[in-house]
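Q: Pasting the sequence and the predicted coordinates here, then a few questions.
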Amino acid sequence: MDRVILVLSADHHAGHALGLLSPYTLLTSPTDEPYKPNLCATQQYLWEDCWTSPLEEIRRWAGRSPIHILLGGDLGQGNKHKDEWVRQTTFADQAKIIQANLEPLFTRRLEAIEIAIGTGAHNFGKGGLEVTARDLVAQAHPKVHIDISYHSRSNIHGCLVDMAHHGPWPGSRQWLEGNAARYYLRDAMMRDHNVLGKEPSKIYFRAHYHYKVCERVGQMLGGKIYESWLIEVPSLCGLGDYAHRATRSAPFIINGICAIEVIDGEPRFPPRWFTKTMDIRSERSYP
């Protein structure tokens, strides 16, 4: 039996005042003095409850099976929304934070890491931040295979996985959630088969919207029925000013990661979600 565990995560937004931040990050001040940034309560929650604890649980679940990491982009905050930075982080600072954030991934069972380049606003353009962070991580762990691209299609132990940062909108209303994802997935399957002459991937992994989506489509193509899944993972970042506006005042936030067991090339669904949902409203009571 060939078994591998896929771990899916995205939108860490390292450098954001509410983004994922390792307590072991070591930065350098403008006066060339090393320091460790202080974590706020949200960052402590993300690091412990939504990142390192789930990773430890996944390692126990994986046992002796290899672990393959898929990072769906926007690992840093970039330079567009500077008012939401941790202090005044530089390009170099954000690359170092990403490197520190990824350290918990490195165990004996780690097989490879694949990184999708995210939004230009969050990587200083042209994937610069993610490429630089990848190089730092590769220098620290030269034996681990680390790949990066805008859009990838990987055969992972016989399971085809299509990964890119941008994907379908989760839905404008709760009762509409998943509709756009299913249309997007069906279209992706048909483009692979009808236009490119390739077998549809079994998993299409997307991110960007900081939300949890899991949809399945069965489609007959060329006389054969194919089944594919679309997965979008939530972020590891809190809601700042821009996010409150972009989500039109969402009352809750979901944070965490996803893991999928693949046995003999077949993904076992539903996936295992390691997520937490938090009501972010201020509750008050008056006489």
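A: That came in fine, so what should we check first?

Q: max-length strand in this protein?
A: strand 266-279 (DSSP state E).

Q: can you pull the alpha-carbon coordinates of that strand into PDB?
A: The C-alpha trace of strand 266-279 is given here as PDB (Å, rounded to 0.1, in the frame of the first residue of the first chain):
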ATOM      1  CA  GLU A 266      -6.700   7.800  -4.700                       C
ATOM      2  CA  PRO A 267      -7.500  10.700  -2.400                       C
ATOM      3  CA  ARG A 268      -9.800   9.700   0.600                       C
ATOM      4  CA  PHE A 269     -12.600  12.200   1.100                       C
ATOM      5  CA  PRO A 270     -13.800  14.000   3.000                       C
ATOM      6  CA  PRO A 271     -10.500  15.600   3.900                       C
ATOM      7  CA  ARG A 272      -9.600  16.200   7.500                       C
ATOM      8  CA  TRP A 273     -10.000  19.800   8.500                       C
ATOM      9  CA  PHE A 274      -8.000  21.300  11.300                       C
ATOM     10  CA  THR A 275      -9.900  24.600  11.500                       C
ATOM     11  CA  LYS A 276     -11.400  26.800  14.100                       C
ATOM     12  CA  THR A 277     -14.300  29.300  13.700                       C
ATOM     13  CA  MET A 278     -14.400  32.400  15.800                       C
ATOM     14  CA  ASP A 279     -17.200  34.900  16.300                       C
END
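
Q: and that strand, what does it pack onto?
A: For strand 266-279, the packing partners by 3 or more Cβ pairs under 8 Å, 6 or more residues apart in numbering; DSSP states H and E come out as helix 53-62, strand 213-221, strand 224-232, strand 252-263. For every residue, glycine as well, the C-beta is placed using N, CA and C.

Q: and that strand, how far out from the chain's middle?
A: 13 Å (Cα atoms, centre = their mean, to the nearest Å).

Q: And the helices and strands packed on strand 266-279: which comes nearest Leu102?
A: helix 53-62 (10.6 Å; Cβ to Cβ).

Q: tell me the angle that closest one makes with strand 252-263.
A: Angle of helix 53-62 versus strand 252-263, following axes from the mean of the first three to the mean of the last three Cα atoms, to 10 degrees, is 20 degrees.
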